[in-house]
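J.: I'd like to go over a predicted model; first the sequence, then the structure.
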Amino acid sequence: MEITNPKETAERGDKIYNDKYRAEYEARHLGKFVAIDVTTEDASVADTASQALESARQKNTNGTFHLIKVGSAGAFRVSYSLNEQLDWLFQ
């Protein structure tokens with residue numbers, strides 16, 4: 001199954017995570033990152049986002065991945081300011 005639409009990737013990744021991994025990962029891996037391969041439904045957990053994605057790519061070089069921070073609403077928080085001195089702020 002090839003998914004190229006980012007919204008579809010995110011929806012499928014969230015569904016796979018909720019159905020297969022959420023309960024265990026939120027009990028054992030809180031605060032870590034998980035890359036869900038939406039083509040195989042495999043998950044890779046690591047301390048950082050880049051480590052989780054690299055681990056997932058090693059398992060499936062042709063995969064399509066959705067990144068989740070375990071126990072958080074999103075992997076990253078992004079804010080925007082109208083202040084000219086500040087551009088995108090990443091946390």
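T.: Perfect, thanks for sending it.
J.: quick one, phi/psi of the residue most central in space within the chain?
T.: Nearest to the geometric centre of the chain sits Leu67, at 0.9 Å (CA atoms, centre = their mean). Leu67 adopts backbone torsions of phi -100, psi 130, taken as degrees, to the nearest 10.
J.: you'd agree it is up against Val34?
T.: Yes. The pair Leu67 / Val34 is scored as a contact, 7.4 Å apart, by CB atoms under 8 Å. The C-beta positions use only the backbone N, C-alpha and C, and glycine is treated the same way.
J.: quick check: neighbours shared by those two?
T.: Ala52 (CB atoms under 8 Å, 6 or more residues apart in numbering).
J.: show me what the residue nearest to the centre of the chain is bridged to.
T.: Ala35 (DSSP bridges).
J.: likewise Ser44?
T.: Ala35.
J.: any idea how far Lys7 is from it?
T.: Ser44 sits at a distance of 22 Å from Lys7 (criterion: CB to CB, to the nearest Å).
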